[in-house]
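Q: here is a sequence with its predicted model. Questions after.
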Amino acid sequence: MPTDFVLRGLTAAEVAERVADGRVNTLPARSGRTTLGIIRANVFTRVNGILSVLFAIVLATGNPTQGAFGLLIILNSIIGIVQEVRAKRTLDNLAVVGEAHPVVLRDGGRVPLSRDLVVLDDLIAVGPGDQIVVDGSVVAADYLEVDESLLTGEADPVGKAPGDEVLSGAFVVSGAGVYRAEKVGADAYAAQLTAQAAKFTLAHSELRQGINQILKYVSYLLVPVGLLTIFVQFSQPDSTWQESALRMVGALVPMVPEGLVLLTSMAFTLGVIRLGRRQCLVQELPAIEVLARVNVVCADKTGTLTQNAMTVGDIIALDGDDTTRAREILAQLVAADPAPNASLMAISEAVERPAQPWRVTARAPFTSARKWSGATFDGEGSWVLGAPDVLAGSTVAAQADYIGASGRRVLLLGSAEAPVDDPDSPGAVAPLALVVLDQLTRPDAADTLAYFQDQGVEVKVISGDNAASVGAVTRSLGVDIGDPIDARRLPPGGTDEMADAVDSNNVFGRVTPEQKRQMVEALQKRGRNVAMTGDGVNDVLAVKDADLGVAMGSGAPATRAVAQIVLLDDRFETLPHVVAEGRRVIGNIERVAKLFITKTIYAIGLALIVGIMGLPNPFLPLQMTVVNWFTIGIPAFLLSLAPNRERARPGFVRRTLAVAVPSGVTVTVVAVITYALTRGFDDVSDVVQNQASTATLVALIMTATWVLAVVARPYSWWRVGLVLFAYGFYFAMFAVPVWHDALVIDTNNLGTLLVGVIAGAAGMAVVEATWWITAHIRGERQRLWARRR
């Protein structure tokens, strides 16, 4: 490959000219939307539009105090904007640290740059694990092999020679090279893929899908019930248009689940911010939720359970005690490799730099599929370095296995029969020495693996290393998860036999990159939610295909690019915090969804039945605003922020509706019966109307607040306090006359009021009984779900 002195790259003047012409690799904002886009998206929402129209109607009646619900427009917008902007800033700052920085040749030097600063015609140097960040053509190659499977689906690496095309989104698996940037920015084949490496998205998730499904059901009911309400309220005899309009708005406002989507987004974005403080980059928002649902974690050994740094523990000569010849050859192999991997880097620290490097006539870079690397030297023959059980006979392999059983990595140095670039290479290998590498386990790996096991999450260790070594490392972490399996003896990928083997075993060695991908797919086909953690280029395919891909911050740029979560400080122990955030989001949003959907159901049911009976709506906008704030809004906000350690389970929609539907129907029936008994069906005076509305409001508040009491379980001191505060506030509202005029409350008729209290108590009892029944059914389903797992 030509040297950097031959390939000097662009000059500063040439770069400035291209920047001025706009020929720069401009990419979308790291966190997706701009600040202006965030403001626009949070202000101009469907909910805000509906509430704005209703607010304008209230203002037209000349009763602005009845329009207090209009504050929700401002609160919804401000909370949404503040939280998303905070998340954007957090992710932008973390993305700068976590993104790939291509090495560009300029003025004869190598300069690491942000991908956004690459210009047309730049020369970009690449090595193993590097992403191709723009489209171009190869100008120099040193045994360069590129994996294009993320673009084409082709699993085998493709060798690249000068003049060959490379596309953005591919990554280097072995060798080194230089390519010229020919398409940059939006013109690149996969510009969006590289931009996704640090993009904050509101992508698909089971939680969001469930909420959208519920809202779709609700929207089907809103239109006909809303039209019926409008017709009935404006058809009331002896009623002014102002009163009809207010009662219409009072019926329509609670139908809108105004806070559900907001609190869902807020819970997610708060999770992103919290994890960002732990140097955890969440590249796709639902990743927090997905990890909480994961029941299998596949972990690569090297770089995940062990630290990347290795040291040479011993060099064992196989033809005597003298290691001088072995050290000399190892030094020449290090000098011959322009892009050494971690093993060669460790060896370079243990051998002296050769005074006169041998002339290289052929070279074979290391790949995970091949399991060895080597070089052919002029006059010195061909030498290979790699897995003993791949290169040597059973005797040497057994000796290496014995050493590897202690958790150390063992490589074989040997003389190859064929040149390393021969299709039949290496041929017969004459062993010369064993190179023993010591690996340090991550200090947080043991606790993290133990945490997952305690939580009922299976851990499978998948590595390209010797199976015995992988098993030893796993056991050294205090996690005994079975005997190691040599992946070369596994059945073919895609078969039921392979799926059975992967399902029933937990430690695998000598796994190729394609096998890692097949293992993830096999587990997914068995209904498992799979997380894959890795750091190397050999993990890219499996990380990409897993339900959740987790990469180490020090890992290969290609691996970081396809992962949904990047641990920027390489702390494996961050994953339990991600699980905790996911459980908080899922569990709390399920709680608040039950509250909001209950409110929507009883609002629709009440409007529908009262409309069919042809009666005026019992409630005014301000009355429902108060109920919405102190029974739903404020409690839901607090519940959405609380810790929640409940395990994530499938069936979000079913469980939400199982509580919301009977609770909403109960509130509806209680309110309708109270209204009918206290008002009757004839025309009545304003006094009787207000007294009946007050009794109905009492019944509704008592029952709806008990729904809050049920949803808040299991109790803690602050949750009990939340329920008591709601009941205490409502008691003061009815007991203190100062509120009565503003809220149009009339408590003078104790008989009418007593009907509301009795109906409310009965409603509370029905809600409690329903909860006990559904809890029993839920318990049976949980036990069934646990057995299936």
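A: Arrived safely.
Q: center of this structure - which residue?
A: What sits nearest the mean C-alpha location of the chain, by CA atoms, centre = their mean, is Ala287, with 0.8 Å.
Q: what comes up buried for stretch 548-560?
A: 548-553, 555-560 (16 or more other CB atoms under 10 Å). In short, each C-beta sits where N, CA and C put it, glycine included.
Q: equivalent analysis for stretch 44-58, please.
A: For stretch 44-58, the buried set under the neighbour-count rule, 16+ other CB under 10 Å, comprises 45, 47-48, 50-51, 54-55, 57-58.
Q: may I have that stretch as PDB, with CA atoms only?
A: The C-alpha trace of stretch 44-58 is given here as PDB (Å, rounded to 0.1, in the frame of the first residue of the first chain):
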ATOM      1  CA  PHE A  44     -49.100  22.300  17.500                       C
ATOM      2  CA  THR A  45     -50.500  19.000  18.700                       C
ATOM      3  CA  ARG A  46     -54.000  17.500  18.100                       C
ATOM      4  CA  VAL A  47     -54.800  17.700  21.800                       C
ATOM      5  CA  ASN A  48     -53.800  21.300  22.100                       C
ATOM      6  CA  GLY A  49     -55.900  22.000  19.000                       C
ATOM      7  CA  ILE A  50     -59.000  20.500  20.500                       C
ATOM      8  CA  LEU A  51     -58.500  22.200  23.900                       C
ATOM      9  CA  SER A  52     -57.900  25.500  22.100                       C
ATOM     10  CA  VAL A  53     -61.200  25.400  20.300                       C
ATOM     11  CA  LEU A  54     -63.000  24.500  23.500                       C
ATOM     12  CA  PHE A  55     -61.200  27.300  25.300                       C
ATOM     13  CA  ALA A  56     -62.200  29.800  22.700                       C
ATOM     14  CA  ILE A  57     -65.900  28.700  23.100                       C
ATOM     15  CA  VAL A  58     -65.700  29.200  26.900                       C
END
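Q: rounded mean pLDDT for it, please.
A: For stretch 44-58, mean pLDDT rounds to 78.
Q: from Ile73, how far out is the residue nearest to the centre of the chain?
A: To Ile73, Ala287 is 31 Å away according to CB to CB, to the nearest Å.
Q: what does Phe734 give?
A: Phe734 sits 28 Å away from Ile73, going by CB to CB.
Q: one more: Glu165?
A: Distance of Glu165 to Ile73, given as CB to CB: 53 Å.
Q: leaving out the residues flanking it, which one is nearest to the residue nearest to the centre of the chain?
A: Among residues not flanking Ala287 along the chain, Gln564 sits closest, at 3.8 Å (CB to CB, 6 or more residues apart in numbering).
Q: okay, now the one you found: neighbour count?
A: By other CB atoms under 10 Å, 26 other residues sit near Gln564.
Q: Val457 too?
A: Here the number of neighbours of Val457 (other CB under 10 Å) works out to 19.
Q: touching, it and Arg293? I think so.
A: No: applying CB atoms under 8 Å, one finds Val457 not in contact with Arg293, separated by 10.2 Å.
Q: the helices in the stretch 1-150 of the chain, which residues?
A: For the stretch 1-150 of the chain, the helices defined by DSSP state H, counting those that start in this stretch occupy 12-20, 35-43, 46-60, 71-98, 149-152.
Q: please, which helix or strand holds the nearest residue to Asn76 once chain neighbours are set aside?
A: Nearest residue to Asn76 in three dimensions, chain neighbours excluded: Leu262, at 5.3 Å (CB to CB, 6+ apart). Assigned by DSSP states H and E, Leu262 belongs to helix 260-276.
Q: and the angle from that helix to helix 46-60?
A: Interaxial angle, helix 260-276 versus helix 46-60 (axes from the mean of the first three to the mean of the last three CA atoms, to 10 degrees): 130 degrees.
Q: packing partners for helix 260-276?
A: Helices and strands touching helix 260-276, by 3 or more CB pairs under 8 Å, 6 or more residues apart in numbering; DSSP states H and E, are helix 71-98, helix 206-233, strand 280-282, helix 287-293, helix 574-613, helix 634-641.
Q: in CSV, list the ones you listed along with mean pLDDT.
A: Formatted as CSV, those follow (pLDDT from 0 to 100):
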stretch, mean pLDDT
helix 71-98, 70
helix 206-233, 74
strand 280-282, 82
helix 287-293, 76
helix 574-613, 85
helix 634-641, 84
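Q: for Leu412, find the nearest of those.
A: Set against Leu412 and scored by CB to CB, the helices and strands packed on helix 260-276 come closest in helix 574-613, at 34.8 Å.
Q: gap between the closest one and the chain center?
A: Distance of helix 574-613 from its chain centroid, counting by CA atoms, centre = their mean, to the nearest Å, is 22 Å.
Q: that one: what's the following helix or strand?
A: Toward the C-terminus from helix 574-613 - assigned by DSSP H and E - lies helix 621-627.
Q: show me the contact partners of that following helix.
A: The contact list for helix 621-627, computed with CB atoms under 8 Å, 6 or more residues apart in numbering, reads 54, 58, 65-69, 246, 249-250, 253-254, 603, 693, 697, 700-701, 704, 733, 742-745.
Q: again, but for stretch 313-321
A: By CB under 8 Å, 6+ apart, the list of residues contacting stretch 313-321 reads 323, 325-327, 330, 350, 396, 408, 431-438.
Q: kindly report the same for stretch 691-701.
A: 602, 618-620, 623, 627, 631, 667, 670-671, 674-675, 678-679, 684, 730, 734, 744-749, 752-753, 755-757, 759-760, 763.
Q: which of those are buried, as a PyMOL select command?
A: This is how PyMOL selects the buried members of the contacts of stretch 691-701, with burial counted by 16+ other CB under 10 Å:
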select buried, resi 602+618+619+620+623+627+631+667+670+671+674+675+678+679+684+730+734+744+745+746+747+749+752+753+755+756+759+760+763
